[in-house]
Every structure is written in C-alpha cells, then in structure tokens.
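Participant: Sequence and predicted structure are below.
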Amino acid sequence: MTEWLCPPGPCSPGLKIGLLGGSFNPAHEGHLYISELALKQLGLDYVWWLVAPQNPLKPVAGMAPLRERLSYAAAKYEHHPRIIVVDVESNFHTRYTADTLAALKRRFGGVRFVWLMGSDNLASFHRWRRWREIARSVPVAVALRPGSVKAALYAPAARFLSGARRPPSHGFALAKPPAFAVLDGRRCPQSATAIRAKAGAGEALVGAIPSW
C-alpha cells in the first residue's frame, strides 16, 4: 500500500514532474544541469531527485550512507525552487526503478511523470532490471553528457526507442509512452566519479564533498 506516502512537494493532478534517479554520491552540477535542461525544454513543473539507498549496479564500497547523501543534496541544491530531494525507495521498500515507478504512479495517479537521465546512464540502461517496462511506463528524456553523446544514437536502449523519438517540447510529458527525447545545451562535465576520485578513491562522502 502506498496511499499513506505524503507528497514531498506540490503534487496536484496535471502537474508535470521529472524524476531523476541515482546514487547522488555526491550530488553535483551535472544533476543540476539535467534538471534545469528538462525544466526548460520540457516545460516541467518540478524535478524530484530520487536518491537511491543502493544502486544494484554499483558497488557498496565507497557508497556514502543514504542520510549523508540526502542531506548534502538537499543542503546544496534544494534552494532551487523547483528541485525536490526525496527518498521514496525507502518508503516504498523498492529496490528497482520499475517497481519505484509503478508505486509512484499508483500513489500519484494524476501526475505526469517523465524519467530523466544523462546519456552516460543511457549507455547502460539496457542492464537495468525490466528496462523495457520502464520505457513503456513513462516518457524518457535523456540529457547529453560529455563522453557519452553517441549513446543517444547507438546505445541498445536508444535503438529500442528510436521509433518513439520526438523533439523536446512542453507537451512531451503528456505523450503516451514509449516516448523518447534527447535534450542538449551547454554540457556540464562534472560527475560524482570524478569528484570522488579527486578526493581520494574509496573515501566516505564526508571526505569527498566540498566544504561550505
């Protein structure tokens, strides 16, 4: 049952909300870039950052505790009036994106959700559990990131969705899935991997995030 979950922010029927999932280990300007690009080019009302307790495709070693990642993301980026940092997987007791999406759609049935990701994640999207189900569940928008631009054309998931590709528009969130859009702008090269490497591989988040 998911009816008990309180909305993390405005969540009335008809709102268009982007969902950006990830470890956020730590949150960085690349996440902000994807969010702002989607807000502008897709006419979204909000973007929810879904901070995952543990990405099944990523090692546990070097993963900061969930509370630290949530706190850092919120403190650093939730000043943005249309970005909301949430921890729904712990509340839903879900591990995989397909299950989390199904729970969100049940709980907030009137909301138009769009799944957001960078092209670096699109390159490995075909490894996600039930990824085709995800693509058939909600529109998917991919922001081009340095080093993975070709994924938008040649990744297995991109080829699967090629027939559903359409230009970004403010009506994209209303499209019947599968629907696939590629977003591009002034690309941000920052990544969580690079931040951790600079701070020292394997260090906890407290040692990897900048002080302020």
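Facilitator: Looks like it arrived, so ask away.

Participant: use CA for all of it now, contacts and neighbours both
Facilitator: Fine.

Participant: hey, where'd the helices end up in the protein?
Facilitator: 29-41, 66-77, 88-92, 97-107, 119-122, 131-137, 151-154, 156-160, 192-199, 205-208 (DSSP state H).

Participant: so which of those comes closest to Gly14?
Facilitator: Set against Gly14 and scored by C-alpha to C-alpha, these come closest in helix 97-107, at 12.6 Å.

Participant: Check which helices and strands that closest one sits against.
Facilitator: Taking 3 or more C-alpha pairs under 8 Å, 6 or more residues apart in numbering; DSSP states H and E as contact, the helices and strands that helix 97-107 lies on are helix 88-92, helix 131-137.

Participant: As JSON lines, those helices with mean neighbour count, mean pLDDT and distance to Met117 would be great.
Facilitator: Output for the helices and strands packed on helix 97-107, formatted as JSON lines (neighbours: other C-alpha atoms under 10 Å; pLDDT from 0 to 100; distance: least, C-alpha to C-alpha, whole Å):
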{"stretch": "helix 88-92", "mean neighbour count": "16", "mean pLDDT": "88", "distance to Met117": "17"}
{"stretch": "helix 131-137", "mean neighbour count": "17", "mean pLDDT": "98", "distance to Met117": "12"}
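
Participant: So which of those helices is nearest Phe113?
Facilitator: helix 131-137 (9.4 Å).

Participant: Contacts for that closest one next, please.
Facilitator: Among residues not part of helix 131-137, those counted as contacts by C-alpha atoms under 8 Å, 6 or more residues apart in numbering are Thr97, Ala98, Leu101, Phe125, His126, Leu161, Pro177, Pro178, Ala179.

Participant: Count the neighbours of Pro10 for me.
Facilitator: When neighbours are defined as other C-alpha atoms under 10 Å, Pro10 has 12 of them.

Participant: Distance of it relative to Gln54?
Facilitator: Taking C-alpha to C-alpha, to the nearest Å as the criterion, Pro10 is separated from Gln54 by 27 Å.

Participant: Val140 now?
Facilitator: Distance, Val140 to Gln54, by C-alpha to C-alpha: 22 Å.

Participant: now Ile83
Facilitator: Per C-alpha to C-alpha, Ile83 is found 21 Å from Gln54.

Participant: the more surrounded of these two?
Facilitator: For Ile83 against Gln54, the residue with the higher neighbour count under other C-alpha under 10 Å is Ile83, and the figures read 22 against 18.

Participant: so the more buried one bridges to which residues?
Facilitator: Beta-bridge partners of Ile83, counted by DSSP bridges, are Val47.

Participant: and the gap between it and Pro167?
Facilitator: The gap separating Ile83 from Pro167 is 23 Å, by C-alpha to C-alpha.

Participant: do Ala158 as well
Facilitator: For Ala158, the distance to Pro167 equals 14 Å [C-alpha to C-alpha].

Participant: Those two: who's more crowded?
Facilitator: When neighbours are counted by other C-alpha under 10 Å, Ala158 comes out ahead of the other of Ala158 and Pro167, with 24 against 14.

Participant: Please list all residues in contact with that one.
Facilitator: Remark: with contacts taken as C-alpha under 8 Å, 6+ apart, Ala158 is in contact with Leu122, Ala151, Ala152.
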